[in-house]
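Colleague: Could you work out the structure for the sequence below:
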Amino acid sequence: MTARVDHAVSSGTFSLDGETFDVDNNIWVVGDDSECVVIDAPHSVDDIMAVVGDRTVKAILLTHAHDDHCRVAPPLRERVNGGQGAPILLHPDDKPLWELTHTDRLWDVDLEDGFEITVGGSTLRAIHTPGHAPGAVCFHAPELGCVFTGDTLFQGGPGATGRSFSDEDVIKRSIRARLFELPPETVVHTGHGDDTTIGAEREALG
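Modeller: Coordinates of the predicted model:
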């Protein structure tokens, strides 16, 4: 069975630095008919499970720990696989952000640059891309011709850097050094909004 990318949108809020905003987050699930991984856990376990269905979830991969990307990760962990659970993976540099949302529990596995996981015959590789958050990670799936960038790279440029734990110079260096080395035709699946490509964003950002 060939792996595929399934997608949905979940609505909720994002809170940081004393402000709260309404946001729509993309839900990305990668796998085949029997197994999958979930990329980010925004807003609603039910919304995510509607995409997962009855498949075995190998892991919950977090691009970063802003609350709109990790809020329902712990309850999702308990829900999947018939209640048997699945590990949450997060880069350890995002611990300060994680603790703003989850004060009494941690993720399960530290994500490191170069980490790989295979699902449905396709491999996802973690690329550490700090800037939007210190532990921000993108997931490159070369066999599927795409990269999941969370809030690091959007259609139209880099993710926001105007809040705590973020840095504009760092995110631009991450994008240029780590993402723009990918093939230009690579489809960029973002944390919010529409897809783009590496080539389009390389041309725009320079």
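Colleague: Leaving out chain neighbours, which residue sits closest to Ser166?
Modeller: His132 (5.6 Å; C-beta to C-beta, 6 or more residues apart in numbering). All C-beta atoms are positioned from the backbone trio N, CA, C, and that covers glycine.
Colleague: helix, strand or coil for that neighbour?
Modeller: Classification of His132 using DSSP: H, G, I helix; E, B strand; the rest coil returns coil.
Colleague: Just give me the residue right at the centre of the chain.
Modeller: Centroid-nearest residue in the chain, with C-alpha atoms, centre = their mean: Thr63, separated by 3.2 Å.
Colleague: Show me where this protein has its helices.
Modeller: For the chain, the helices defined by DSSP state H occupy 45-52, 67-70, 73-79, 95-101, 168-174, 198-205.
Colleague: Is it possible to get TSV of these that adds distance to Gly31 and mean neighbour count?
Modeller: Formatted as TSV, the helices of the chain follow (distance: least, C-beta to C-beta, whole Å; neighbours: other C-beta atoms under 10 Å):
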stretch	distance to Gly31	mean neighbour count
helix 45-52	9	18
helix 67-70	19	26
helix 73-79	15	19
helix 95-101	25	17
helix 168-174	27	17
helix 198-205	23	16
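Colleague: The residue nearest to Ser166 and Leu153: what is the separation?
Modeller: From His132 over to Leu153 the distance is 9 Å, taken as C-beta to C-beta, to the nearest Å.
Colleague: shared neighbours of those two, which are they?
Modeller: Listed as contacting both His132 and Leu153 by C-beta atoms under 8 Å, 6 or more residues apart in numbering are Gly159.
Colleague: State the distance from Cys36 to Lys58.
Modeller: 7 Å.
Colleague: quick one: Asp22 and Ser15 touch, right?
Modeller: No - checked against C-beta atoms under 8 Å, the pair Asp22 and Ser15 is beyond contact range at 10.8 Å.
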